[in-house]
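Asks: coords please:
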Amino acid sequence: MLGSLEKLFLERVAPRIAQPSPEAREHGLRLAAAALLFEVVRADAEKDAHEEHLVRRIAGLLHVSHPDFIDAKIRARAESGLEKS
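Replies: The predicted model follows:
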């Protein structure tokens, strides 16, 4: 049988842990958008500095941090099977 502290945890705290906050969901959507943009840029298998610059600017407008931007770029490159560029 659960004690009152355990019940309180399961009723009030656990649901908050299980479901991401709106900010976390929004951040995840922004990262997904950046990754999708990189997939579009990589679709023709050619490196284009103008396309990458455009993705960087859009990511900036979406408030995607530079480390997250680089992670999205690396993830898209790995998923496309293209060499490092």
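Asks: who touches the closest residue to Leu31 other than its chain neighbours in this structure?
Replies: Leaving aside its sequence neighbours, Leu31 sits nearest to Asp68 (CB to CB, 6 or more residues apart in numbering; 5.6 Å). In short, each C-beta sits where N, CA and C put it, glycine included. Asp68 sits next to Leu31, Ala34, Ala59 when contact means CB atoms under 8 Å, 6 or more residues apart in numbering.
Asks: you'd agree the first one is up against His63?
Replies: In this case it means Leu31. No: at 10.7 Å, Leu31 does not count as touching His63 under the criterion of CB atoms under 8 Å.
Asks: more neighbours, the two?
Replies: Leu31 (19 against 10; other CB atoms under 10 Å).
Asks: List phi and psi for the more buried one.
Replies: Backbone geometry at Leu31, expressed as degrees, to the nearest 10, gives phi -70, psi -40.
Asks: quick revisit: okay, the contacts of Asp68 in CSV with pLDDT and distance to Ile74 next?
Replies: What follows is the contacts of Asp68, written out as CSV (pLDDT from 0 to 100; distance: CB to CB, whole Å):
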residue, pLDDT, distance to Ile74
Leu31, 85, 12
Ala34, 86, 12
Ala59, 89, 14
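Asks: Distance to Gly81 added to the residues you listed, as a markdown table?
Replies: Output for those, formatted as a markdown table (distance: CB to CB, whole Å):
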| residue | distance to Gly81 |
| --- | --- |
| Leu31 | 21 |
| Ala34 | 19 |
| Ala59 | 22 |
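Asks: Next one: the residue nearest to Leu31 from Ala34, what distance?
Replies: As for Asp68, its distance to Ala34 is 7 Å (criterion: CB to CB, to the nearest Å).
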